[in-house]
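Chemist: let's see this in three dimensions:
(chains A and B)
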Amino acid sequence: MTLDLGVISAAVVGYLLLLFLIAYVTDRQWLPAWLTRNPVVYVLSLGVYATTWSYYGSVGFAQDQGLNFLTIYLGVTLAFVLTPVLLMPILRLTRTYQLTSVADLFAFRFNSQWAGVLVTLLMLAGVLPYIALQIRAVAESTQVLTPESSPDVLAFWFMVLVTVFTIIFGARHVSPREHHDGLVAAIAFESLMKLVALLLVAGVAVWQAFGGIGGMQAWLADNPEHLEALYAPAREGPWTSLLVLAFAAAFLLPRQFHMLFAENQNPRDLSLASWAFPLFLLALTLVIPPILWAAVVLQPGTPADYHVLGLSLASGSPSLALLAYLGGISAASAMIVVSTLAISAMTLNHLVLPLAGPQPHRDLYGALRWARRVVMVAVIAAGYGFYLILEPTTGLVGWGLISFLAMAQLLPGIIGLLFWPRATSHGFIAGLIGGACVWVFTVLLPPVTGDSTMLWMGLPAPDGEQPAVYQSATFWSLCINSVLFVAVSLLSRPDEREREAAAVCRDLNPTLPVGDLRARSPQQFVKRLASVMGKTAARKEVEKAVRERGLHWGETRPSHLHGLRAQIERNISGMMGPVLARMIVDEQLQMDTRSRTALAQNVRLIEDRLETSRTRLRGLAAELDRLRRYHRQIIEDLPLGVCAVAQGGRLVRWNPAIAELTRVPMSDVIGRRLDELPDPWGPLLASFLDSDASHWHRQEIQTNDHARWYSLHKAAIDDPSNSNRAADTVLLVEDLTEVSVLEQELAHSERLASIGRLAAGVAHEIGNPVTGISCLAQELRDEDTDEERTGAIAEEVLNQAQRINNIVQSLVRYAHGGVGSQRPPEPVDLRQTVEEAMRLTTLSRRARFVRFDNEVPDGVTISGEPQQLVQVFVNLFSNAADACANREDEGAIRIALEHHGDGWINVHVHDNGSGIPDDVLDHVLEPFVTTKRPGYGTGLGLPLVYNIIREHGGEVLVDSDSTGTCITLRLRPDIPLAARQTALADGQSRS
Amino acid sequence: MAQLQETGPGGYSVLLFLLGVLLLASPFTVWWMSTGAPWYTAWVIWALLIALSGLIAHRLGHHDA
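Modeler: Purely as a prediction, here's the structure:
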């Protein structure tokens, strides 16, 4: 049975149009995301590994080499078994640093454009014959179905359609790093097509040949030579070498690398693929021996490489034949499309762009798109050229193995990349050249030139039909490659960039950035990058990176700008390759090496990195990390606001307590200067940092119309590793609002208690004038007074009423001087204040018999709150009067004032009372310490005096002996608040 | 293989790889091929490796979480 060429052509075109449709609707997001982004789609897309070599050639391979054909898939399984230590680290690198191809990966690790160039050339040399193989398989399979067809013409049009598909769906984005959802969906569909077609052909063939699986088993029992033919070549042949080649091909073939890493949406998908993809391959290969044995029975009359088609034709079903043929088309087109996409990215990044150089005046994105399209066309055209010139007698398997051996030359490099930081670019390049030379002369050139003279190396004569040649070629090429790689690496030294990249590949912490960037804002990034990328592209790249980092255009924090720079480098790497990206960023976004990064800034970066690699720390490092976390947690949980300021005044630590009390989150402040903080904190903390004082007490801050009180403290942080380095500073912010409110309430209570104690005296003082007024009123009523006398009486009544009024007003002022009376300070005359306090105190019965000598001169003023100062003297006078109460002679209180030489004024309150016992004297300013009997004193009087005088920037000194007590108030005459704080801090420093 | 952890998926995957090498690329391989084993023996061994690999992947998923 044969098929009509027109039908076949229509089926091919229709099938490719179906692929276009699948890719299109996926890209347009017309299909639900759960379907298009399903991990199963990712797993199926990896089926691009199974090309026409697998689809058609496996049967031929199994016939010639028995079970050896299975090594091509078992090697893949062994590579996927190592997913956690092999594939996952590569995925992490490619995702983090936007590496799009295996050439990018090596160029990144070895910081070498030459490494990228050589890998690209090797890939090109290895893949172009492989593309030719696919074209040949399509042509030959068509001839199997319609012997009269012209294979070259059909191959040409197939190639044209595939090229159009590749350009439309593979070059849509500027960066190949962007996911091609439509392409992936189409490739996944093609994998499904291959699997279904092969299973159907196998099922029908086994049923036709044996009547079922049981029949096949019986046939094998009757013909044991076929089972022996399966096992014998594997026992004696290149089993292990082929396993090694397939192991390398599993992730190093350009199409595999692209689908595995560049198109990966989620690392969990790779985790699924680690077992699901081998399962797919198992299902695909399980039917190969049955197909082979069915062909033995049915004799389809086709070469073994095309038994799949021959058996489908032998079934007599054109539909099955067409389905089997389209399965082959799927295998060929998927391989060509993805390989071309991957190879074009490599070629562009490592061959074309380095030669073209920067062209800032052109549309970079447009130029890249067109360049990628041109390279794609060139790659497929070159594959077609290979197809025309290659030796047609070489089997499908032969060309596949040529490609596999090329990829295997990267194995030593990939092991060094992941596990050997000492590997150098020179070693890698030397090993690659050595291995590639063996590959070229032993397996690549002979099928092209027909020359089979490689006996000078002691190798068997290469023959594409004999996989045995791959045993020795694999051994020798990898041996020479590895020896050169190790030896030259040990003889050469990696530069700093190489060491840094090696640390990144080993997931170790790379060198920390030193210094600030010269570009101080994203806007300046654009300006600098525009000189090589053009203004439009530079702006778009910076915009993209700003968006990805969650920053804004006003960002100036050095650490965030470092992150932005790294992000831009990664994005450009995804577009133009890591070497060019690094060169552009290094040249345009230089570091200012004169500036030095604060130690604390580095600590924060290290902490960030440790957070992401926590699980990899072991032993002492893990213990140290736990200790670090514990120490950090101490600061985090401290109920005091803590912030650390590094050199340059930038904040490097901002604990939750200070974030809560300032209502400024940590993410908004880290890396900023103090003066960039919002009011009132920025000015307050900045001025405190600039001041010489170590402490500022009770700073009143107005927040949301509420007054709050804070004490500030600071200390220098010495760098233990560098004694000459200027110290960073830690600031502590202590919220005293609750304490202050409590103190005010206590003061108010004390004041009310004082009023209570004064009540009897008040009654007495008011009683006298009231009696006088009463007498005068009686005189007016009962006696006939003349007009002059009446006026005199009225005058006297007014005087007495005024006297009552003065007493009442004093009490009212005194009582209202407490909570909520935070009035701005005003000049207070000290003599008048003392007089007022005397008047109030003498209302008390105990003070009534004490003599007051006010020796404070007129005109001495201080800045403060009058009523609070009155309370100071009332408390002092009350205590003095109590101390004098037991004296037999008259008690005396003398108030004197002296000007001190340093600008302070001292107000002395002397009494001749019983004095304060020595054991109480040191604690007398503490709350609730009293020498009075229970019920006669609260112990809050002197602490209140102390607090009020401290708030006024003064000091309280107490001196006492058996002859009396002298309380000295040290005050500054009428000076501004800030000066008072400084003076107070100086005083504390001295103490 | 310094990145391996004693009980992490990396360690198990290396152990499974070594088991795979023992079964598929050692004199043991030649032995089971010589015993007249059924034709599908290789696929059974392969399926065993896949199943164990699935278990490791499950564990890796937990580690990622």
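Chemist: all strands of the chain, in order?
Modeler: In the absence of a named chain, this looks at chain A. Here chain A has its strands, by DSSP state E, at A:516-517, A:591-592, A:641-645, A:651-654, A:695-703, A:706-717, A:728-735, A:826-829, A:850-854, A:861-864, A:891-899, A:905-911, A:955-961, A:964-971.
Chemist: the intended chain is chain B.
Modeler: Counting by DSSP E, chain B contains no strands.
Chemist: mind naming the longest helix for it?
Modeler: helix B:41-64 (DSSP state H).
Chemist: distance of the residue positioned nearest the centre of chain B relative to residue A:90?
Modeler: In chain B, the residue lying closest to the centroid (C-alpha atoms, centre = their mean) is residue B:16, at 3.5 Å. Distance, residue B:16 to residue A:90, by C-beta to C-beta, to the nearest Å: 19 Å. To be clear about C-beta, it is placed using only N, CA and C from the backbone, and glycine gets the same treatment.
Chemist: what do you get for residue A:657?
Modeler: Counting by C-beta to C-beta - residue A:657 and residue A:90 are separated by 44 Å.
Chemist: ok, now how distant is the closest residue in space to residue A:147 that isn't next to it in sequence from residue A:486?
Modeler: Of all residues not flanking residue A:147 in the chain, residue A:2 sits nearest, at 6.5 Å (C-beta to C-beta, 6 or more residues apart in numbering or on different chains). According to C-beta to C-beta, residue A:2 stands 57 Å off from residue A:486.
Chemist: what does residue B:54 give?
Modeler: 36 Å.
Chemist: show me what the longest helix seen in chain A is packed up against.
Modeler: Counting by DSSP H, the longest helix found in chain A is helix A:737-782. Packed against helix A:737-782 by the contact rule (3 or more C-beta pairs under 8 Å, 6 or more residues apart in numbering or on different chains; DSSP states H and E) you find strand A:706-717, helix A:787-815, helix A:866-884, helix A:941-951.
Chemist: what is the burial count for the residue nearest to residue A:147?
Modeler: 14 (other C-beta atoms under 10 Å in any protein chain shown).
Chemist: residue A:647 now?
Modeler: Neighbours of residue A:647 (other C-beta under 10 Å): 18.
Chemist: same question, residue A:307
Modeler: Neighbours around residue A:307, by other C-beta under 10 Å: 29.
Chemist: and if you look at the one 4 residues further on?
Modeler: Applying other C-beta under 10 Å, we find 27 residues neighbouring residue A:311.
Chemist: in terms of contact, does it touch residue A:295 like I think?
Modeler: Yes. Counting by C-beta atoms under 8 Å, residue A:311 does reach residue A:295; the two are 6.0 Å apart.
Chemist: what touches both of these two?
Modeler: residue A:205 (C-beta atoms under 8 Å, 6 or more residues apart in numbering or on different chains).
Chemist: show me the contacts for residue 40.
Modeler: Unless you meant another one, I'm taking chain A. A:188, A:276.
Chemist: try chain B instead
Modeler: Residue B:40 makes contact with residue A:286 under the criterion C-beta under 8 Å, 6+ apart.
Chemist: can you read off the pLDDT for residue 15?
Modeler: If you meant another chain, say so; for now it's chain A. Per-residue pLDDT puts residue A:15 at 91.
Chemist: let me rephrase: I mean chain B.
Modeler: 93.
Chemist: tally of neighbours for it?
Modeler: By other C-beta under 10 Å, neighbour count at residue B:15 equals 14.
Chemist: also residue A:788?
Modeler: 8.
Chemist: with adjacent residues omitted, what lies nearest to residue 51?
Modeler: Here I'm looking at chain A. Counting by C-beta to C-beta, 6+ apart, the residue nearest residue A:51 is residue A:335, at 4.2 Å.
Chemist: chain B was what I was after
Modeler: residue A:275 (7.6 Å).
Chemist: OK, contacts around the one you found?
Modeler: So, once contact is read as C-beta under 8 Å, 6+ apart, residue A:275 ends up touching A:80, B:50, B:51, B:53, B:54, B:57.
Chemist: what residue in the stretch 251-400 of chain A comes nearest to chain B?
Modeler: Scanning the stretch 251-400 of chain A for the residue nearest chain B gives residue A:275, at 3.9 Å (criterion: C-beta to the nearest C-beta).
Chemist: from residue A:92, how far out is that residue?
Modeler: 20 Å.
Chemist: now residue A:522
Modeler: 27 Å.
Chemist: go through the strands of chain A and find the least confident stretch.
Modeler: strand A:591-592 (a mean of 72).
Chemist: what lines up beside it in the sheet?
Modeler: strand A:516-517 (antiparallel) (DSSP bridges).
Chemist: quick one on the thing from earlier: dump the strands of chain A into JSON lines; add distance to residue A:257 as well.
Modeler: Output for these, formatted as JSON lines (distance: least, C-beta to C-beta, whole Å):
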{"stretch": "strand A:516-517", "distance to residue A:257": "33"}
{"stretch": "strand A:591-592", "distance to residue A:257": "33"}
{"stretch": "strand A:641-645", "distance to residue A:257": "45"}
{"stretch": "strand A:651-654", "distance to residue A:257": "41"}
{"stretch": "strand A:695-703", "distance to residue A:257": "58"}
{"stretch": "strand A:706-717", "distance to residue A:257": "48"}
{"stretch": "strand A:728-735", "distance to residue A:257": "46"}
{"stretch": "strand A:826-829", "distance to residue A:257": "80"}
{"stretch": "strand A:850-854", "distance to residue A:257": "96"}
{"stretch": "strand A:861-864", "distance to residue A:257": "78"}
{"stretch": "strand A:891-899", "distance to residue A:257": "88"}
{"stretch": "strand A:905-911", "distance to residue A:257": "85"}
{"stretch": "strand A:955-961", "distance to residue A:257": "77"}
{"stretch": "strand A:964-971", "distance to residue A:257": "80"}
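Chemist: can you redo the ones you listed as TSV with mean neighbour count?
Modeler: Converted to TSV, these look like this (neighbours: other C-beta atoms under 10 Å in any protein chain shown):
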stretch	mean neighbour count
strand A:516-517	20
strand A:591-592	15
strand A:641-645	22
strand A:651-654	23
strand A:695-703	17
strand A:706-717	16
strand A:728-735	20
strand A:826-829	15
strand A:850-854	17
strand A:861-864	20
strand A:891-899	18
strand A:905-911	21
strand A:955-961	16
strand A:964-971	22
